[in-house]
Each structure stands twice: as C-alpha cells, then as structure tokens.
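> below are the sequence and a predicted model; questions follow.
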Amino acid sequence: MQNSSGLPKGGKPVSMALFDFDGTLIPGDSVAYYLRFAREEGAVSMGEFLRALWAATLYGMKRMTDADSKSIGLAFRKRHDQKYLDELDKKFVNQVLLPKVYADGKKQIATHRREGKILVLVSASTENYMRFVAEALGFDTVLCTPIEPDGTIKRNCKGEKKVQRIKDWLTENGRTADFPSSCAYGDSKSDLPMLRLVGHPIQVNPKKALRKLAPEMDEQNWK
C-alpha cells in the first residue's frame with residue numbers, strides 16, 4: 001500500500017533512486033526556461049522580465065542569494081489567479097521541459113522502476129511546475145522548493161537542504177532508507193551532499209567543480 005507521496009507503508013527499509021533535475025535530467029536551468037516561456041505567453045511584463053534578468057546577474061556575481069533571485073523572478077505570479085498559473089505551468093512542462101529530458105535519463109528512471117526502487121525527484125526548482133514533471137516522468141514523489149502565493153521563496157531545496165528534505169520525508173512517512181543500496185544522480189557541487197548520502201552516487205554530465213570535489217564517483221554522460 002502506498003500513501004499520497006508514493007512511499008509504501010510498513011516493511012523493510014526502502015531503496016531509493018534520487019534524481020536532481022536541472023543539469024541532470026535536462027540541460028540548463030528550468031527557472032530560466034520558465035521565465036522566458038512566461039514572458040512569451042504574456043504572463044510576465046517587460047519590467048518584470050528585466051528585473052528578473054538583473055536579479056539573475058546579481059546571483060551570478062554572488063551578490064544575491066539563489067532564493068532571493070528566484071523570488072524576484074517569480075514575483076509576477078502574484079498578479080494571476082491560481083487556475084491561470086496551473087494552466088501556464090502545465091503548458092510549460094509539456095511544451096518546454098519534457099522534450100528536453102535526456103533519453104538516457106528516461107532509461108535510467110525506467111530501469112530503477114523495474115528494480116522496485118522508490119523514485120524521488122529532488123530539485124531546487126519550484127514546486128509549481130516540478131510536481132507536473134514528476135507526475136509525467138513517473139516519480140513516486142518530488143521534493144523541491146516550495147513557493148509562496150506571491151512567488152516568494154523561503155526554503156530553497158538546495159545543497160544540504162536536499163538531504164534534510166529526504167530525511168524529513170522518510171520520517172513523515174514512518175520509514176527508513178536503505179542508503180547503501182540507494183543511488184543518486186547529480187551534476188553540480190550543490191548535489192554533493194545528496195550524492196554522498198547513498199551507496200551508488202553518479203555524476204551526470206558533471207560540472208568541473210563537482211568532478212574536482214568527487215573524482216572517485218562514477219560518471220555518466222547522458223544525451
């Protein structure tokens with residue numbers, strides 16, 4: 001029996017397959033794709049779009065946090081009702097994100113599903129669209145960045161926060177993980193805490209910083 005998050009109740013510790021999204025299952029940054037799409041759809045004004053670009057620039061210069069940069073970029077959401085936003089987010093996932101998912105990533109998801117692993121999408125991207133991605137790709141659950149109605153980000157699911165979200169999720173569902181038999185996939189140094197949590201960490205199309213920090217980890221190049 002499974003609960004609403006997809007985690008089976010009772011029994012032995014579960015073996016999981018943990019997947020990062022941006023840079024791992026898709027090339028690039030889904031938040032940047034989202035803002036461009038929302039602008040093209042008329043949901044974002046030119047002023048809002050320029051503010052988002054400036055915030056992204058400041059983040060790249062390490063003069064603004066990732067959470068604050070995202071909050072500024074997503075501030076347009078407070079001007080729209082939830083029904084419109086849900087339709088926008090579904091359209092974005094179907095038209096932009098799903099076509100970008102690496103075929104090799106889809107194969108790996110299918111392999112772990114056949115193995116009986118619990119599939120968990122763990123991402124710093126926001127829940128408004130990541131929930132639709134997880135559903136479309138057949139994940140058991142998604143642990144990502146919550147978003148306030150006004151677009152504000154208060155709890156960014158990044159770095160060590162990914163590990164905490166995974167452990168909290170297990171606790172909330174009354175289960176423990178078989179971490180030695182579990183696997184994880186990531187592309188950047190911010191994924192390192194999650195990768196080091198499991199017995200089978202895999203770098204996917206890794207950035208230089210991750211490769212340098214964890215040269216002992218297996219590496220795969222997905223297309």
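Great, that's in hand.
> quick one, helices of the protein?
Listed from the start of the chain, the chain has helices (DSSP state H) covering 30-40, 46-60, 66-73, 82-92, 103-115, 127-137, 160-172, 192-195, 208-213.
> pull the longest strand from the chain.
Selection of the longest strand in the chain by residue count, based on DSSP state E, yields strand 118-126.
> what is the neighbour count of the closest residue in space to residue 72 that isn't next to it in sequence?
The shortest distance from residue 72 to any non-neighbouring residue, by C-beta to C-beta, 6 or more residues apart in numbering, is to residue 55 (4.0 Å). Bear in mind the C-beta positions are built from the backbone N, C-alpha and C, glycine included. When neighbours are counted by other C-beta atoms under 10 Å, residue 55 registers 19.
> which residues touch residue 55?
For residue 55, the contact set (C-beta atoms under 8 Å, 6 or more residues apart in numbering) comprises 64, 68, 69, 72, 73.
> count of neighbours near the first one?
If you count neighbours by other C-beta under 10 Å, residue 64 ends up with 18.
> run through the bridge partners of the closest residue to residue 165 other than its chain neighbours.
Distance criterion C-beta to C-beta, 6+ apart; nearest residue to residue 165, sequence neighbours excluded, is residue 143 at 4.4 Å. With DSSP bridges as the criterion, residue 143 is bridged to residue 122.
> re earlier: for PyMOL, write a command that selects the buried ones of the contacts of residue 55.
What follows is the PyMOL syntax for the buried subset of these, where burial is set by 16 or more other C-beta atoms under 10 Å:
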select buried, resi 64+68+69+72+73
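> give me the low-pLDDT residue ranges for this protein?
Residue ranges of the chain with pLDDT under 70: 1-11.
> quick check, central residue of it?
Centroid check for the chain by C-alpha atoms, centre = their mean gives residue 123 as the closest residue, at 2.1 Å.
> need the contact list for residue 75.
By C-beta under 8 Å, 6+ apart, residue 75 lies in contact with 48, 51, 150, 151, 152.
> now do the contacts for the residue found closest to residue 169 once you drop the neighbours it is linked to in the chain.
Using C-beta to C-beta, 6+ apart and skipping residues adjacent in sequence, the residue nearest residue 169 is residue 143, 5.9 Å away. The contact partners of residue 143, by C-beta under 8 Å, 6+ apart, come to 120, 121, 122, 123, 157, 162, 165, 166, 169.
> how about the residues you listed in TSV, adding distance to residue 176?
Shown next, in TSV, are the contacts of residue 143 (distance: C-beta to C-beta, whole Å):
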residue	distance to residue 176
120	14
121	20
122	17
123	23
157	21
162	18
165	16
166	12
169	12
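> can you name the two of these that are farthest apart?
Spanning the widest gap among the contacts of residue 143 are 123 and 169, at 13.4 Å by C-beta to C-beta.
> do I have it right that residue 162 meets residue 122?
Yes: checked against C-beta atoms under 8 Å, the pair residue 162 and residue 122 is within contact range at 5.1 Å.
> shared neighbours of those two, anything?
143, 194.
> what's the neighbour count on residue 94?
13.
> sorry, slip of the keys, the one I care about is residue 137.
Neighbourhood size, residue 137 [other C-beta under 10 Å]: 21.
> how many neighbours does the nearest residue to it once chain neighbours are set aside have?
Nearest residue to residue 137, sequence neighbours excluded (C-beta to C-beta, 6+ apart): residue 109, at 6.1 Å. Applying other C-beta under 10 Å, we find 21 residues neighbouring residue 109.
> alright, calling it a day.
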